[in-house]
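*Asks:* for reference, the sequence and a predicted model appear below.
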Amino acid sequence: MAKTAKAPKTAGDFIVIATNSKASHNYTLGERFEAGLVLIGSEIKSIRARKVNLGDGYVEERGGELWLLSVHIAEYAQANRFGHEPLRARKLLLHRKEIAYLIGKIRERGYALVPTRLYLKKGRAKVEIAVAKGKKDYDKRDAIATREANLDIRRRLKEQRFD
């Protein structure tokens with residue numbers, strides 16, 4: 001009898017597939033929600049192969065439902081004619097009260113919903129979405145300056161320890 005390979009266990013029993021590093025730079029991130037995804041077979045195969053890009057992704061309301069747009073899930077080579085379109089809209093699965101709350105947030109001026117990471121939890125693909133407010137250019141420059149100053153401080157402290 002052949003043994004099946006188990007997925008590696010990580011903190012919280014989920015495997016992070018992709019993260020959106022642009023999100024924290026371009027937005028001030030607020031509340032975060034876990035949402036399921038409606039996928040087809042070749043998409044989940046590509047996700048397990050880690051062929052996902054969340055960089056330009058965002059969430060939009062359509063007919064009282066939330067849809068994940070502009071997330072690139074690469075075509076699965078072995079899927080032949082039953083493949084999928086890489087940038088197709090994907091429905092998000094959330095509780096009704098969460099959907100109502102998030103639709104209200106989207107309609108507020110200056111707020112958006114962005115995907116921050118995609119992961120597998122108990123074999124199912126989940127996406128973490130965050131309520132985000134766009135940053136101005138001066139906020140981005142300030143964040144970069146603060147990060148570089150902290151890095152410089154850490155370097156100097158490290159040098160002093162070895163002297």
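*Replies:* That came through, no problem.
*Asks:* C-alpha only now, for contacts and for neighbours.
*Replies:* Fine.
*Asks:* give the contact list for Arg88.
*Replies:* Contacts for Arg88 (C-alpha atoms under 8 Å, 6 or more residues apart in numbering) come out as Leu69, Ser70, Val71.
*Asks:* now the helices for the protein?
*Replies:* Along the chain, counting by DSSP state H, helices occupy 21-26, 41-48, 96-107, 137-161.
*Asks:* quick one: low-confidence residue ranges for the protein.
*Replies:* Where the chain drops to pLDDT under 70, the residues are 1-12, 162-163.
*Asks:* let's see it at 80
*Replies:* The chain contains residues with pLDDT under 80 at 1-12, 79-83, 135-140, 161-163.
*Asks:* quick revisit: got the helices of the chain as CSV, with distance to Glu128 and mean neighbour count columns?
*Replies:* Formatted as CSV, those follow (distance: least, C-alpha to C-alpha, whole Å; neighbours: other C-alpha atoms under 10 Å):
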stretch, distance to Glu128, mean neighbour count
helix 21-26, 12, 16
helix 41-48, 15, 18
helix 96-107, 13, 14
helix 137-161, 23, 11
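*Asks:* dump the ones you listed to a markdown table, plus distance to Lys121.
*Replies:* Formatted as a markdown table, the helices of the chain follow (distance: least, C-alpha to C-alpha, whole Å):
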| stretch | distance to Lys121 |
| --- | --- |
| helix 21-26 | 21 |
| helix 41-48 | 12 |
| helix 96-107 | 20 |
| helix 137-161 | 32 |
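*Asks:* closest to Pro115 out of these?
*Replies:* helix 21-26 (7.9 Å; C-alpha to C-alpha).
*Asks:* return the distance of that closest one from the chain's centre.
*Replies:* Here helix 21-26 shows a centroid-to-chain-centroid distance of 11 Å under the convention C-alpha atoms, centre = their mean, to the nearest Å.
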